[in-house]
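Novice: compute the structure for the input listed below.
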Amino acid sequence: MSTGNTASEALDADSAAPERRPVAVVVGGGLAGITAALALADGGMDVTLLEGRPRLGGLAFSFKRGDLTVDNGQHVYLRCCTAYRWFLDRIDATPLAPVQERLDVPVLDADRNRLGRLRRTALPVPLHLAKSLATYPHLSLAERANVGRAALALKGLDPADPALDKQDFGSWLAEHGQSQRAIEALWDLVGVATLNAVAGESSLGLAAMVFRTGLLSDPGAADIGWARVPLGELHDTLARKALDSAGVRTELRTRVTSISPMENGRWSIEVPEAPDTSGQILEADTVVLAVPQRETYDLLPKGALDDADRLLDIGTAPILNLHVVYDRKVLKQPFFTALGSPVQWVFDRTEASGLTEGQYLAVSQSAAQDEIDEPVAALRERYLPELERLLPAARGATVRDFFVTRERTATFAPAPGVGALRPTARTNAPGLYLAGAWTATGWPATMESAVRSGTSAADAALAALGRPRGHLFREAA
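Specialist: Next comes the predicted model:
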């Protein structure tokens, strides 16, 4: 921990002032925690952010592998992700993670060796996708017509309806005339990447939210954005700079072992032995727990939630990422997605990684329960031939490096019923708030959800102190 003022020291130092600034401690330095810390500081609080890792960014981070700077996984966002876009602007990172001018997704059918594209026009919803759907080569004419009818039915659903949370998306699609081919070539193409689950294992409520917001709210809502630099430059370096500028004290390699209410109405946060301290107890008026659900469960004081055990019922889902470095360029597009192949989404990360010769591709595999623990050798044997099948230029290329990153608990599982398990930012304990992509944001486990949760926790805390703020970002339709 740094040798600067702790939350307790700041409290003592300000005690003689005419009006003491309220003190907040945020536990967790992922996007939710960073956002909460920034919003609380902007609201006039004295904020300390505690993170157990040696870096910020949570599950969206970078690391070094030789001369390469590698993201642990490919993360994207959409134009409708107004909270994450606010976050990028808040940390001065917007130019480093631009959005497509217009949605354009190359879709390659490996079995038929045929390329199609999902594109939009400038026409109003739903006409913005009509031309693309009418010419989409991976579905029959009848399947395309049925997709249009299902989309209109989906637009009429209310994602907040608790009844939708109990149903699975796959059954709803089948009831609305969607063939298995249509689910594979369109609905799961989008849904697996955003929900981290196939349609049959996804809550209809969450799926309705994704498709209504991304494809049926605004013509440009689904335009894709991604970082053209390593994620660590955004979520660690620039985030730290923004936190420093806001006056937030950021303590890395600092693990919290317990939080408990004090008789004076404040909170006690126990930090055990750290690299440069023998341990200490921090005091705060407000605590935001911005850590995964199981860690939250372990730290919650008794009675903070009516049924804290439900946090343990929120499942998790893995994401597997394969990293391939070729001696030459084998992909001309910035990314593509595949059908009829175990390969899902492939991104060119050459420039972002710092590679100067050859090409570096990142293969992102969501809903990877069956492969998350497979040996690297087995994954290499399966996926390199698939990449050669999809990319003819790879057939004569030399693979200079092949490695794997695994996030076994990358997201919460969006299974039917999960909506009833996700808690809001407020707890039963005054001054204690929850944040994290897994909380009740209405969104699946995305960077957008994480940022929304951080602002919700901060807004609730500031409102309780009589310091309400205006909306930070425009709500997506």
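Novice: Glu143: neighbouring residues, count only.
Specialist: 19 (other C-beta atoms under 10 Å). To be clear about C-beta, it is placed using only N, CA and C from the backbone, and glycine gets the same treatment.
Novice: swap in Thr35?
Specialist: Around Thr35 there are 31 other residues, counting by other C-beta under 10 Å.
Novice: surely it meets Ser456?
Specialist: No - in this structure, Thr35 is not within contact of Ser456 by C-beta atoms under 8 Å, at 9.5 Å.
Novice: find residues that contact each of these two.
Specialist: Common neighbours of Thr35 and Ser456 (criterion: C-beta atoms under 8 Å, 6 or more residues apart in numbering): Ala435.
Novice: ends of stretch 384-397, how far apart?
Specialist: Stretch 384-397 has an end-to-end distance of 11 Å (C-alpha to C-alpha, to the nearest Å).
Novice: please report how far the spatially closest residue to Gln178 that is not a sequence neighbour lies from Arg389.
Specialist: Excluding the flanking residues, the one nearest Gln178 by C-beta to C-beta, 6 or more residues apart in numbering is Ala150, at 5.7 Å. Look at Ala150 and Arg389: by C-beta to C-beta, to the nearest Å, they are 31 Å apart.
Novice: quick one: the residue nearest to Gln178 is in a helix?
Specialist: Yes - with DSSP: H, G, I helix; E, B strand; the rest coil as the criterion, Ala150 is part of a helix.
Novice: who's in contact with it?
Specialist: Leu173, His176, Gly177, Gln178.
Novice: give me the distance between Pro430 and Asp218.
Specialist: Taking C-beta to C-beta as the measure, Pro430 falls 39 Å from Asp218.
Novice: ok, now Tyr84?
Specialist: Using C-beta to C-beta, Tyr84 is found at 16 Å from Asp218.
Novice: please say which of these two ends up with more neighbours.
Specialist: Tyr84 (24 against 17).
Novice: which SSE is the more buried one in?
Specialist: Assigned by DSSP states H and E, Tyr84 belongs to helix 82-90.
Novice: which helices and strands sit right next to the biggest helix by length in the chain?
Specialist: If you go by DSSP state H, the chain has its longest helix at helix 447-464. The elements that helix 447-464 packs onto, with contact taken as 3 or more C-beta pairs under 8 Å, 6 or more residues apart in numbering; DSSP states H and E, are helix 31-42, strand 76-78, helix 82-90, strand 286-289, strand 432-434.
Novice: how does it look with 6 Å?
Specialist: Applying 3 or more C-beta pairs under 6 Å, 6 or more residues apart in numbering; DSSP states H and E, we find helix 447-464 packed against helix 31-42, helix 82-90, strand 432-434.
Novice: for the longest strand anywhere in the chain, packing partners?
Specialist: Of all segments of type strand in the chain, defined using DSSP state E, the longest is strand 399-412. Helices and strands touching strand 399-412, by 3+ C-beta pairs under 6 Å, 6+ apart, are strand 316-326, helix 376-390.
Novice: from the ones you listed, which stretch is densest packed?
Specialist: Among the helices and strands packed on strand 399-412, strand 316-326 has the highest mean neighbour count (mean count of other C-beta atoms under 10 Å), at a mean of 23.
Novice: ok, it: who's next to it in the sheet?
Specialist: strand 359-366 (antiparallel), strand 399-412 (antiparallel) (DSSP bridges).
Novice: contacts for the shortest one, please.
Specialist: Residues outside strand 359-366 that contact it (C-beta atoms under 6 Å, 6 or more residues apart in numbering) are 74, 192-193, 196, 319-326, 329-330, 344-347, 349-350, 353.
Novice: again, only this time at 7 Å
Specialist: 68, 73-74, 192-193, 196, 319-326, 328-331, 343-350, 353, 371, 383 (C-beta atoms under 7 Å, 6 or more residues apart in numbering).
Novice: take it, keep the C-alpha atoms, and write them as PDB.
Specialist: Written as PDB, here are the backbone C-alpha positions of strand 359-366 (Å, rounded to 0.1, in the frame of the first residue of the first chain):
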ATOM      1  CA  GLN A 359       0.000 -11.000 -37.900                       C
ATOM      2  CA  TYR A 360      -1.500 -11.700 -34.500                       C
ATOM      3  CA  LEU A 361      -5.000 -13.000 -34.300                       C
ATOM      4  CA  ALA A 362      -7.200 -13.400 -31.200                       C
ATOM      5  CA  VAL A 363      -9.900 -16.100 -31.300                       C
ATOM      6  CA  SER A 364     -12.700 -15.400 -28.800                       C
ATOM      7  CA  GLN A 365     -14.700 -18.400 -27.700                       C
ATOM      8  CA  SER A 366     -17.700 -17.700 -25.500                       C
END
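Novice: how far off centre is it?
Specialist: Distance, stretch centre to chain centre, for strand 359-366: 17 Å (C-alpha atoms, centre = their mean, to the nearest Å).
Novice: that one to helix 376-390, inter-axis angle?
Specialist: Relative orientation of strand 359-366 versus helix 376-390 (axes from the mean of the first three to the mean of the last three C-alpha atoms, to 10 degrees): 110 degrees.
Novice: so the closest residue to Arg55 other than its chain neighbours versus Ala242, what's the distance?
Specialist: Closest residue to Arg55 apart from its sequence neighbours, by C-beta to C-beta, 6+ apart: Asp236 at 4.9 Å. Distance, Asp236 to Ala242, by C-beta to C-beta: 11 Å.
Novice: so for those two, which residue has more residues nearby?
Specialist: For Asp236 versus Ala242, neighbours defined as other C-beta under 10 Å are more numerous around Asp236 (22 against 19).
Novice: contacts only, for Val192.
Specialist: Val198, Gln344, Ser366, Ala367.
Novice: what of Leu462?
Specialist: Neighbours of Leu462 in contact, by C-beta under 7 Å, 6+ apart: Leu40, Gly43, Pro468, Arg469.
Novice: nearest to Asp223 among those?
Specialist: Checking these against Asp223 by C-beta to C-beta gives Arg469 as the nearest, at 28.4 Å.
Novice: the residue nearest to Arg55: what's it in contact with?
Specialist: With contact taken as C-beta under 7 Å, 6+ apart, Asp236 is in contact with Arg55, Leu56, Gly57, Phe61.
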